[in-house]
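**Q** The sequence isn't on hand, but the structure is:
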């Protein structure tokens, strides 16, 4: 039997438990063997800085579960023995699968406009997503309740620019199709990281080295980034995706509906996207045009999720969404109703909002779900639903929180957008309330997902368990294994940890934002 990391992951996904293999003691394999415990057994951290401050990644001790009672609910003794698991699911968010060669990207504005305009790891985002899919499949169940993962929920920014090719890469990856993160001229890389001496800029990482007559880029000369010959071919090579082994659902993010996450899709923007002119900070260059870079409207984006080989059809989106041009919906999973919002501000803004029509729909859904536990899902958080340029009657985060607190069966709001782990208690006057569970991004370090489990403690309380998940890539990458998607994902994670704009980030959050048990009051009808 070939005991590669990938085969061990598949074995773990089938058995749902630990795999015993004599002599397999290296750290990467150890990560697979403890997959069912996720970061409760070990966690990936930044190591000590070396040349230029560049940090390797290291394994740290596993993190225990922190009990949080911020809603004023006592954690009663003996609940572990009484506990009945109700649901376990996985949350993925801010995957940002990037067409790094698109003319509609503005890497030159990275320093002036947005630190997310360019990342050195961006052409490895599909490989990171593949590594996360493999890990979630391998974990297979909730580490506390031991319930099988019933579903996976993607909470937005599944693409980076809302382009057709990016949306398809994400769907195909989760479906288990062949994926190639490439566009334009499929025989070469045409982006700011390439070897073209005419447009070479020291402001971007050039993994193949420095063209003759040029000086080293700042990533390699100042920040210790490696030279990786062949990477720009390897990152574009097709690979067979594994695909999630469970149903998956999606929410819209601002990067899915707005280009660069800020601007409405217009005819002019679409012309740029599918055209051959790319602006860089060293001038205008010609690249190979590609019609698959076309921008999708909200309705087209929803419709694309019906072209799929996995369940459910539409991945949450409904025929009503297609008819109305909307992207919010609800679905039931056992005793829990998921209400999935579209928090994108259509007129343009990275901040969120919901219009009065959607708010009325939300209120009606909450009224209909009074005999269900309710989990809200969206891309934006309550504190980032603060779009300034909105129409009269549109609702921001505080209004949504106020509405949710009216319903004692609302137990959680799950979201992304901030690229940081955070768990916030929203307390109701008179006691109780709900938890807002905000999870970090795939594209930025720590590149984690979250497992969420709901359990009835049979004592008037519910517990929501959250456990962080590091993806399946090995701890370190190898220059002679660039044909392996997991090896490329390992490089992508290391680059993300060393992005000069991210080196001092606190996106992991504190212990109270990662592996936690969140106490909630049980609604009377469930007692």
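**A** Looks like it arrived, so ask away. Worth saying up front: this structure is predicted, and the values here are computed from it rather than measured. Numbering: from 1, shown residues only.

**Q** low-confidence ranges in the stretch 51-200 of the chain?
**A** Scanning the stretch 51-200 of the chain for pLDDT under 70 picks out the ranges 110-115.

**Q** got it, and the stretch 301-450 of the chain?
**A** In the predicted model of the stretch 301-450 of the chain, residues 389 satisfy pLDDT under 70.

**Q** Please enumerate the helices of it.
**A** Along the stretch 301-450 of the chain, the segments classed as helices by DSSP state H, counting those that start in this stretch run 319-324, 356-368, 397-404.

**Q** Show me which residues of the second one are buried.
**A** Residues of helix 356-368 classed as buried by neighbour count (16 or more other CB atoms under 10 Å): 358, 359, 361, 362, 365, 366. Just so you know, the C-beta spots here come from the backbone N, C-alpha and C atoms, and that holds for glycine as well.

**Q** Give me the nearest residue to the last one, chain neighbours excluded.
**A** Right, residue 366. Among residues not flanking residue 366 along the chain, residue 407 sits closest, at 5.1 Å (CB to CB, 6 or more residues apart in numbering).

**Q** center of this structure, which residue is that?
**A** residue 93 (2.3 Å; CA atoms, centre = their mean).

**Q** And the buried residues of helix 356-368, which is closest to residue 484?
**A** Nearest to residue 484, judged by CB to CB, of the buried residues of helix 356-368 is residue 358 at 43.3 Å.

**Q** any idea how far stretch 371-379 is from the chain center?
**A** Centroid separation for stretch 371-379 versus its chain: 19 Å, with CA atoms, centre = their mean, to the nearest Å.

**Q** So what touches that stretch?
**A** Residues outside stretch 371-379 that contact it (CB atoms under 8 Å, 6 or more residues apart in numbering): 86, 93, 153, 155-157, 249, 251-254, 332, 335-344, 352, 366, 404, 407, 409-417, 454, 462, 523, 525-526.

**Q** If we use 7 Å, what do you get?
**A** Residues lying outside stretch 371-379 but in contact with it, judged by CB atoms under 7 Å, 6 or more residues apart in numbering, are 153, 155-157, 251-254, 332, 335-341, 343-344, 352, 366, 404, 407, 409-417, 454, 525.

**Q** Mind giving me the PyMOL select for these, buried ones only?
**A** Buried subset of the contacts of stretch 371-379, written as a PyMOL selection, criterion 16+ other CB under 10 Å:
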select buried, resi 153+155+156+157+251+252+253+254+336+337+338+339+340+341+343+344+352+366+404+407+409+410+411+412+413+414+415+416+417+454
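
**Q** The contacts of stretch 371-379 in strands, which ones?
**A** Of the positions in the contacts of stretch 371-379, 153, 155, 251, 332, 336-340, 410-415, 454 sit in strands, assigned by DSSP state E.

**Q** Over to stretch 196-203 now: how far is its first residue from its last?
**A** Counting by CA to CA, to the nearest Å, you get 14 Å between the two ends of stretch 196-203.

**Q** how deep is residue 198 tucked in, by neighbour count?
**A** 9 (other CB atoms under 10 Å).

**Q** Spatially nearest residue to it, not counting backbone neighbours?
**A** Setting aside the residues directly before and after it, residue 198 is nearest to residue 285 in space (CB to CB, 6+ apart), at 7.4 Å.

**Q** The one you found reaches residue 201, doesn't it?
**A** No. Taking contacts as CB atoms under 7 Å, residue 285 lies outside contact range of residue 201: 11.0 Å.

**Q** quick one: common contacting residues for these two?
**A** Joint contacts of residue 285 and residue 201 (CB under 7 Å, 6+ apart) do not exist.

**Q** so how far is residue 492 from the residue nearest to residue 366?
**A** Noted for residue 407: a distance of 41 Å to residue 492, by CB to CB, to the nearest Å.

**Q** just to revisit the earlier point, redo the helices of the stretch 301-450 of the chain as a markdown table? Include distance to residue 385.
**A** Below are these laid out as a markdown table (distance: least, CB to CB, whole Å):
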| stretch | distance to residue 385 |
| --- | --- |
| helix 319-324 | 21 |
| helix 356-368 | 11 |
| helix 397-404 | 4 |
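
**Q** Dihedrals phi and psi, residue 300?
**A** Residue 300 has phi and psi values of phi -70, psi -40 when expressed as degrees, to the nearest 10.

**Q** ok so, going back, so who does the residue nearest to the centre of the chain touch?
**A** With contacts defined as CB under 7 Å, 6+ apart, residue 93 is in contact with 154, 155, 156, 416, 439, 441.

**Q** list the contacts for the third one?
**A** Read it as residue 156. Residue 156 neighbours (CB under 7 Å, 6+ apart): 93, 251, 252, 253, 256, 379, 416, 417.

**Q** isn't the fourth one right up against residue 159?
**A** Put plainly, it is residue 253. No. Using CB under 7 Å as the test, residue 253 is too far from residue 159 to be in contact (8.3 Å).

**Q** Mind giving me the packing neighbours of the host helix or strand of residue 134?
**A** Under the criterion of DSSP states H and E, residue 134 resides in helix 125-139. Contact here means 3 or more CB pairs under 7 Å, 6 or more residues apart in numbering; DSSP states H and E; on that basis helix 125-139 packs against helix 5-15, helix 164-175, strand 448-456, strand 461-470, helix 485-498.

**Q** Packed most tightly, which of the ones you listed would that be?
**A** helix 485-498 (a mean of 26; mean count of other CB atoms under 10 Å).

**Q** C-terminal to it, what's the next element?
**A** Downstream of helix 485-498, the first helix or strand assigned by DSSP H and E is strand 516-521.

**Q** Return the distance of that next one from the chain's centre.
**A** 23 Å.

**Q** Same question for stretch 263-283.
**A** The answer for stretch 263-283 is 26 Å, by CA atoms, centre = their mean.
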